[in-house]
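Asker: With the sequence up front, the predicted model follows.
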Amino acid sequence: MAARNIRMWSQAFVGFYRPNGENLRDLDPVARFLYAARSVILVISAQAAVIAGLLALSARAFSLPEFLGVLVGFVVAHMISNLSNDYFGFRRGHDTPDSPRMRYTIHPLASGALTSRALAVGLAVLAAVGLAIMCAFIVERGWLAVGIAATGVALLFLYDAAPTPLKSVGLGELATFVVWGPLMIGGGYAMIAGRLDAGVVLASLPFGLGVMSILTGKHIDQMSFDAGRGIRTLPVIIGETAARRLVAVCIVAMYAIVFALAATGVVSRFCLIVVVAVPEAVVALRRSAAERPAAPPPGYVGWPLWHHRACLVHNRRFGWAYIAGLALGAIAAHIPA
């Protein structure tokens, strides 16, 4: 039974989203919570933490305890954001049975995966862990940690909990770029190394753009529904064609920036290994060049997410390749000349 449970929990972090309601009764409470928290996308926060850690390692400023705090803190904050987003979407009447959110994976409340009490307890536990990590960094790093933590908490609140959320006024996409780019990678580096670094902020830009492409793709996929509910995401405001072009610009810019950073020595030339993600980039670019099909291909998982899925798969491969390049650069930096 224990092995089966561990397998069930691990499956929540791999692949793509689980079809809504499939074998819901077969999931234990932990698995239900993990699927409801959309754990498959938590990889982007883990990758951001690893990127920050490797940049600190290259600068000979790495500290394992601080890195672990950053890693756990980022993943916990992301889980809180996902669950909070679903809570407020449910409360505002957006996550209805016909909504895209209800169709591609388990919703913590509307799907019946969790009771309101279970969700509250889960959020309280996550908040306690996050608060403990935040306080530890504030004690250690002082005002630097206060500024970074305050910015993160503010963006977490403003994204979906505020009376007028950022995602409803066309700013949610930009917020994801800031959070998973300069804030997480630049801020994570600062918590590990004890200082800010302009080069690290530059090195964070490709990954931040990748996450922005993921959310923009998602909002393209559900823009008809959002427009009907008065949720003015960026694609709703600028239109589908312009939004698909924006996704393409983000993807191309990811590679252009890595090449520029490698050429100028900001990151190691080993980071050019990101080209291994080009096949996934081509898939995402081809999808961004055309409208979504009227129906999913046979066996497709995650519908109605189409552009979003291609961008997520691409960013996952790009992130691991970028990490591999940074790791090789960090190793090279520690080899005596």
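Answerer: Thanks, I have it. Just so you know, these numbers come straight off a predicted model, no measurement behind them.
Asker: Can you give me the pLDDT of residue 129?
Answerer: Here the pLDDT value assigned to residue 129 is 95.
Asker: Next, it: phi, psi?
Answerer: When quoted as degrees, to the nearest 10, the phi and psi of residue 129 stand at phi -60, psi -50.
Asker: Report the spatially nearest residue to it, omitting neighbours in sequence.
Answerer: Computed as C-beta to C-beta, 6 or more residues apart in numbering, the closest residue to residue 129 that is not its neighbour in sequence is residue 76, at 5.2 Å. Where you see a C-beta, it was placed from the backbone N, CA and C, and this is true even at glycine.
Asker: tally of neighbours for that neighbour?
Answerer: Counted with other C-beta atoms under 10 Å, the neighbours of residue 76 add up to 22.
Asker: before we move on, which element is it in?
Answerer: According to DSSP states H and E, residue 76 maps onto helix 64-91.
Asker: Need the phi and psi values for the residue nearest to the spatial centre of the chain.
Answerer: Among the residues of the chain, the one closest to the centroid is residue 44, at 4.3 Å (C-alpha atoms, centre = their mean). Backbone torsions for residue 44, taken as degrees, to the nearest 10, come to phi -70, psi -30.
Asker: so who does it touch?
Answerer: Residues in contact with residue 44 (C-beta atoms under 8 Å, 6 or more residues apart in numbering) are 78, 180, 210, 211, 214, 315, 316, 319.
Asker: ok, so of the residues you listed, who is nearest residue 162?
Answerer: Distance to residue 162, by C-beta to C-beta, is smallest for residue 78 among these, at 18.3 Å.
Asker: Identify all contacting residues around stretch 183-191.
Answerer: So stretch 183-191 is in contact with 45, 48-49, 51-53, 55-56, 66, 69-70, 74, 137, 141, 144-145, 148, 151-152, 155, 196-197, 200-201, 203-204, 207-208, going by C-beta under 8 Å, 6+ apart.
Asker: List only buried entries from the residues you listed.
Answerer: 45, 48-49, 51-53, 55-56, 66, 69-70, 74, 137, 141, 144-145, 148, 152, 155, 197, 200-201, 203-204, 207-208 (16 or more other C-beta atoms under 10 Å).
Asker: any low-confidence regions in the stretch 51-200 of the chain?
Answerer: 93-98, 102-104 (pLDDT under 70).
Asker: mind listing the helices for it?
Answerer: For the stretch 51-200 of the chain, the helices defined by DSSP state H, counting those that start in this stretch occupy 64-91, 100-104, 116-141, 143-160, 172-178, 187-193, 198-221.
Asker: Could you list the buried residues of the fifth one?
Answerer: It refers to helix 172-178. Of all the residues in helix 172-178, those buried under the rule 16+ other C-beta under 10 Å are 172, 173, 175, 176, 177, 178.
Asker: The fourth one reaches residue 213, doesn't it?
Answerer: No: with contact defined as C-beta atoms under 8 Å, residue 176 does not reach residue 213; the gap is 9.4 Å.
Asker: Please identify every residue contacting each of those two.
Answerer: Listed as contacting both residue 176 and residue 213 by C-beta under 8 Å, 6+ apart is no residue at all.
Asker: what's the pLDDT at residue 211?
Answerer: For residue 211, the pLDDT comes out at 96.
Asker: State the number of residues packed around the closest residue to it other than its chain neighbours.
Answerer: Spatial nearest neighbour of residue 211, excluding adjacent residues (C-beta to C-beta, 6+ apart): residue 180 at 3.9 Å. Neighbourhood size, residue 180 [other C-beta under 10 Å]: 28.
Asker: Let's have the buried residues of helix 172-178 in a markdown table, adding distance to residue 304.
Answerer: Conversion of the buried residues of helix 172-178 to a markdown table gives the following (distance: C-beta to C-beta, whole Å):
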| residue | distance to residue 304 |
| --- | --- |
| 172 | 18 |
| 173 | 18 |
| 175 | 23 |
| 176 | 20 |
| 177 | 24 |
| 178 | 27 |
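Asker: Sort out which one of those residues lies nearest residue 261 for me.
Answerer: Distances from residue 261 to the buried residues of helix 172-178, taken by C-beta to C-beta, are shortest for residue 177, at 16.6 Å.
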